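Peer 1: Any chance you can model this:
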Amino acid sequence: MNISVVIPVYNEVGSLQELHRELTRVLTPFESYEILFIDDGSTDGSVDFVKEMSEKDNHINLIQFHRNYGKSAALAEGFKYAEGNYIVTMDADLQDDPAEIPNLIEKLEEGYDLVSGWKKNRRDPLSKKVPSKFFNLVTRLFTGVKIHDFNCGLKIYRRAVIKTLEIYGGRHRYIPALAGQKKFKMAELIVNHRPRIHGVTKYGGSRLFHGFFDLISILFLSKYTQSPLYFFGQIGLFTFLIGLGIDCYVLYLKYFLGEPFAKHMALLMLGVLIIVIGIQFFSIGLVGEMIANTNQDKESRVKGILRS
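Peer 2: Prediction:
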């Protein structure tokens with residue numbers, strides 16, 4: 001069994017020595033393993049410390065960003081270079097317990113593709129727990145993925161999963177949702193969560209605000225990327241009917257009640273404008289359908305070449 005542990009690091013020098021010690025103790029019994037530290041532009045000496053550890057332990061590899069790109073970029077880079085059949089992700093702040101890794105592996109081997117940790121007894125201040133509960137509730141309702149803790153850093157994947165996920169922006173929060181869209185089988189496991197001892201949290205209140213924009217993006221892309229006319233066509237039809245109704249009302253006033261056009265010219269023009277907007281939405285949807293169809297044809301040709 002080959003295991004890769006992917007750990008984004010951003011100014012966590014105080015935690016790294018203990019994290020390495022705990023990971024070594026947990027992973028040594030396995031056949032082979034690697035620990036990938038992805039430094040996300042640290043300025044506190046984390047890079048130097050990881051380099052020093054890697055000279056003493058050949059299981060450690062360092063990937064270094066020249067500036068802070070965010071957790072999604074760090075995970076995506078780690079997934080790119082991870083060589084294990086099983087890939088574990090965890091945070092570097094020691095709040096994720098490395099002792100849970102064997103439990104995650106055992107659960108994964110029950111036939112799942114992804115097992116996500118659940119910080120049921122979360123050791124964080126109320127200011128983090130309350131927004132997190134709200135975020136998880138909304139995400140669960142809109143995505144249909146029935147897990148309690150989407151943003152738990154402690155997860156394990158089969159290799160096939162990470163090679164199909166596109167992680168960027170703030171999408172690391174929605175990895176279970178992205179995996180669910182691709183019909184991977186997933187489970188959730190209660191894991192030990194520990195209080196932060198070293199350093200400070202890197203996430204402010206703005207992440208909740210940004211997170212909902214990422215959620216809208218994921219929901220839109222999952223439902224309408226292959227059939228954009230369904231989305232734009234619905235808006236176009238609704239808008240067109242509103243404009244048509246307005247103009248029909250003006251015609252009713254003219255031909256049934258005898259009121260002059262000039263009296264309702266502004267309303268008539270508004271109806272025409274709304275009809276034109278509706279037609280434009282239809283046009284955007286049709287163009288999107290053409291692009292989607294072209295991309296599908298290209299993918300089919302590529303797949304045909306790969307099979308030959």
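Peer 1: now the strands for the stretch 151-300 of the chain?
Peer 2: 155-158, 186-190 (DSSP state E, counting those that start in this stretch).
Peer 1: pLDDT of the first one, averaged?
Peer 2: Same thing as strand 155-158. Strand 155-158 carries an average pLDDT of 96.
Peer 1: domains for the chain, by residue range?
Peer 2: 2-224, 228-307 (automatic domain parsing).
Peer 1: any idea how far the longest one is from the chain center?
Peer 2: So that's domain 2-224. 12 Å (Cα atoms, centre = their mean, to the nearest Å).
Peer 1: Distance check, the nearest residue to Ile235 once chain neighbours are set aside against Ile291.
Peer 2: Leaving aside its sequence neighbours, Ile235 sits nearest to Phe281 (Cβ to Cβ, 6 or more residues apart in numbering; 4.8 Å). From N, CA and C alone the C-beta is placed, and that goes for glycine too. With distances taken as Cβ to Cβ, to the nearest Å, Phe281 is found 16 Å from Ile291.
Peer 1: Over to Lys51?
Peer 2: For Lys51 relative to Ile291 (Cβ to Cβ), the value is 46 Å.
Peer 1: okay, now Arg67: neighbour count?
Peer 2: Residues lying near Arg67 (other Cβ atoms under 10 Å) number 7.
Peer 1: What sits closest to it if chain neighbours are left out?
Peer 2: Arg67's closest residue in space is Gly41 (Cβ to Cβ, 6+ apart), at 4.4 Å.
Peer 1: quick one: that neighbour and Ile63 touch, right?
Peer 2: No: Gly41 is not in contact with Ile63 according to Cβ atoms under 8 Å; the separation is 11.8 Å.
Peer 1: Contact partners for the spatially most central residue of the chain?
Peer 2: The centroid of the chain falls nearest to Arg171 when counting by Cα atoms, centre = their mean (2.4 Å). Residues near Arg171 by Cβ atoms under 8 Å, 6 or more residues apart in numbering: Ser72, Leu178, Asp214, Ile218.
Peer 1: measure it to Ser72 for me?
Peer 2: Arg171 is 5 Å from Ser72, where distance means Cβ to Cβ.
Peer 1: try Lys254
Peer 2: From Lys254 over to Ser72 the distance is 58 Å, taken as Cβ to Cβ.
Peer 1: Looking at those two, which one has more neighbours?
Peer 2: Counting neighbours by other Cβ under 10 Å for Lys254 and for Ser72 shows that Ser72 has the greater number, 20 against 15.
Peer 1: is it true that the more buried one touches Tyr174?
Peer 2: No: with contact defined as Cβ under 8 Å, Ser72 does not count as touching Tyr174 (9.8 Å).
Peer 1: So between Phe281 and Ile291, which is more surrounded?
Peer 2: The neighbour count for Phe281 versus Ile291, taken as other Cβ under 10 Å, is higher for Phe281 (20 against 11).
Peer 1: pLDDT wise, what is that one at?
Peer 2: Looking at Phe281, its pLDDT stands at 89.
Peer 1: residues in contact with it?
Peer 2: Taking Cβ under 8 Å, 6+ apart, we find Phe281 in contact with Phe232, Gly233, Ile235, Gly236, Thr239.
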